[in-house]
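*Asks:* Structure for this input, please:
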Amino acid sequence: ELDTNNHSVFSLHYHLVLVVKYRRKVIDDDISNRLQEIFESIQPNYNITLQEWKHDKDHVHILMKAHPNSDISKFLNAYKSASSRLIKKEFPVIRQQLWKEYFWSRSYCLLTTGGAPIEVIRKYIESQGQK
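*Replies:* Residues are numbered from 1 along each chain as shown. Below is the predicted model of the structure:
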């Protein structure tokens with residue numbers, strides 16, 4: 001399934017993993033649901049669409065779609081800042097384990113997904129111009 005805009009056809013899927021600062025085990029179902037709501041409220045500003053969301057006690061896995069004009073790094077900064085501020089305000093119990101202003105670790109894992117394996121694409125490109 002391909003997406004389109006005025007000048008391109010694309011399919012951009014990303015797998016994002018965000019980890020709680022110090023790997024503190026503070027994410028329960030309520031906190032995960034609120035984190036997802038915050039994600040969904042910010043995503044339209046960056047042409048990003050949530051596809052799947054799952055959590056563990058110290059991290060979340062997110063599958064998202066993007067457009068070629070999506071600025072992923074700006075989106076991640078906006079999301080991490082807003083969600084950190086809101087989640088610590090709305091769930092004061094978190095402050096017992098995360099006493100500074102941060103909720104998320106500075107680092108994250110972002111992987112492209114879907115399509116053919118890299119080796120298949122590499123061989124396809126190498127074979128261009130050959131019979």
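*Asks:* Now do stretch 54-63: everything it contacts.
*Replies:* Applying CB atoms under 8 Å, 6 or more residues apart in numbering, the contact partners of stretch 54-63 are 13-20, 23-28, 32, 35, 39, 50-53, 113. C-betas here are computed from N, CA, C, even on glycine.
*Asks:* what's the span of it, first residue to last?
*Replies:* With CA to CA, to the nearest Å as the measure, stretch 54-63 spans 9 Å from end to end.
*Asks:* What segments of this structure are helices?
*Replies:* 29-42, 72-90, 118-126 (DSSP state H).
*Asks:* Restricting the selection to alpha carbons, write stretch 73-88 to CSV.
*Replies:* In CSV, the C-alpha atoms belonging to stretch 73-88 read as follows (Å, rounded to 0.1, in the frame of the first residue of the first chain):
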residue,chain,number,x,y,z
SER,A,73,13.9,14.5,14.7
LYS,A,74,11.8,17.6,15.3
PHE,A,75,8.8,15.4,15.9
LEU,A,76,10.7,13.3,18.4
ASN,A,77,12.0,16.3,20.3
ALA,A,78,8.5,17.8,20.5
TYR,A,79,6.9,14.5,21.6
LYS,A,80,9.6,13.7,24.2
SER,A,81,9.4,17.2,25.7
ALA,A,82,5.6,17.4,25.8
SER,A,83,5.0,13.9,27.0
SER,A,84,7.7,14.2,29.7
ARG,A,85,6.3,17.4,31.0
LEU,A,86,2.6,16.2,30.9
ILE,A,87,3.1,12.7,32.2
LYS,A,88,5.1,13.8,35.3
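*Asks:* circling back to that earlier point, pull out the buried members of the contacts of stretch 54-63.
*Replies:* Using 16 or more other CB atoms under 10 Å as the burial test, these include 14-16, 18-20, 24, 26-27, 32, 35, 39, 53 as buried.
*Asks:* Mind checking which of these are in strands?
*Replies:* The strands, defined by DSSP state E, take in Tyr14, His15, Leu16, Leu18, Val19, Val20, Trp53 from these.
*Asks:* Just list whatever residues bridge to the closest residue to Tyr108 other than its chain neighbours.
*Replies:* Once flanking residues are discounted, Tyr108 sits nearest to Leu18: 5.3 Å by CB to CB, 6 or more residues apart in numbering. Counting by DSSP bridges, Leu18 forms beta bridges with Val60, Tyr108.
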